[in-house]
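Enquirer: Got a predicted structure here, sequence first:
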Amino acid sequence: MTKRVEQKAEVATASMLDRRAALARVGAGLMLAAGTGAALASRTATAVEPGESVALGHHWIDALNRRDEAALSGILTDNFLYSAMLRNPPEMAARWSKEKFLSIVTSTADATWKKPVVMTIKSEFGAGDRAVIETEGYGERSDGYVYANVYCFNFWTEGGKIKAIHDYCCTHTAWLHGQHMREAAKTKAS
């Protein structure tokens, strides 16, 4: 009985030490489960190396943290689509073209932020032309309000650029931030 407990502890320790490899295996398994073996084989044959899609995701997060419109524009395809995958409240969902996305990014670098939101990468994995990167974001508004949220970004890449991003985050936290901004605007207008 003791040997069995020791084996379980060894497995738990090994899996904690190799979290990225485990995430990569899970991601590959999800992609395999999502399609037939034949479809996966044909997609993989023409896809970029997993490291390339993850590297593009890193470049995107770095450029977004710096609000660098030129760098972002350079790594997005012309038909890029950003999708905020929010369900509730439904008005928070978004589908933005490259141009709309870039205009939103540049509008967030204004005086209402003492410290604009900066994201820190927490985990990642890639498979072919796909990458998934989990981040935590932190920012402070000029009035002292702290906006801290978590994100899971799904990237689709093509030809060395990002073709699409699906953004998942804590919608309650995002809604509270929006509510704070609306209240602050009312107070300022009074």
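Expert: Perfect, thanks for sending it.
Enquirer: Spatially, and excluding backbone neighbours, which residue is closest to residue 79.
Expert: Closest residue to residue 79 apart from its sequence neighbours, by CB to CB, 6 or more residues apart in numbering: residue 163 at 7.1 Å. (C-beta placed from N, C-alpha, C; glycine too.)
Enquirer: Please identify the helix or strand for residue 116.
Expert: In the assignment (DSSP states H and E), residue 116 maps to strand 113-127.
Enquirer: Tell me the first helix or strand C-terminal of the worst-scoring helix or strand of the chain on mean pLDDT.
Expert: Taking mean pLDDT, DSSP states H and E as the measure, the helices and strands of the chain show their lowest mean at helix 37-46, namely a mean of 34. Past helix 37-46, further along toward the C-terminus, the next helix or strand under DSSP H and E is helix 50-66.
Enquirer: and that following helix, C-alpha only, in CSV?
Expert: Extracted as CSV, the C-alpha positions of helix 50-66 are listed here (Å, rounded to 0.1, in the frame of the first residue of the first chain):
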residue,chain,number,x,y,z
PRO,A,50,4.3,24.6,-33.4
GLY,A,51,7.1,26.9,-32.1
GLU,A,52,6.4,29.4,-34.9
SER,A,53,2.7,29.8,-33.9
VAL,A,54,3.6,30.2,-30.2
ALA,A,55,6.4,32.7,-31.1
LEU,A,56,3.9,34.8,-33.1
GLY,A,57,1.6,34.7,-30.1
HIS,A,58,4.5,36.0,-28.0
HIS,A,59,5.2,38.8,-30.5
TRP,A,60,1.5,39.8,-30.4
ILE,A,61,1.3,40.0,-26.6
ASP,A,62,4.6,41.9,-26.5
ALA,A,63,3.4,44.4,-29.1
LEU,A,64,0.0,44.7,-27.4
ASN,A,65,1.6,45.4,-24.0
ARG,A,66,3.6,48.2,-25.7
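Enquirer: From the contact counts, what lies against the helix or strand following that helix?
Expert: Stepping forward along the backbone from helix 50-66, the first helix or strand reached (DSSP H and E) is helix 69-75. Applying 3 or more CB pairs under 8 Å, 6 or more residues apart in numbering; DSSP states H and E, one finds that helix 69-75 makes contact with helix 50-66, helix 98-107.
Enquirer: Helix 69-75: which residues count as buried?
Expert: Within helix 69-75, the residues that qualify as buried are 72-73, 75, counting by 16 or more other CB atoms under 10 Å.
Enquirer: so the residue most central in space within the chain bridges to which residues?
Expert: In the chain, the C-alpha nearest the mean C-alpha coordinate belongs to residue 153, at 2.3 Å (CA atoms, centre = their mean). Taking DSSP bridges, one obtains residue 133, residue 167 as the residues bridged to residue 153.
Enquirer: isn't it right up against residue 133?
Expert: Yes - with contact defined as CB atoms under 8 Å, residue 153 reaches residue 133; the gap is 5.0 Å.
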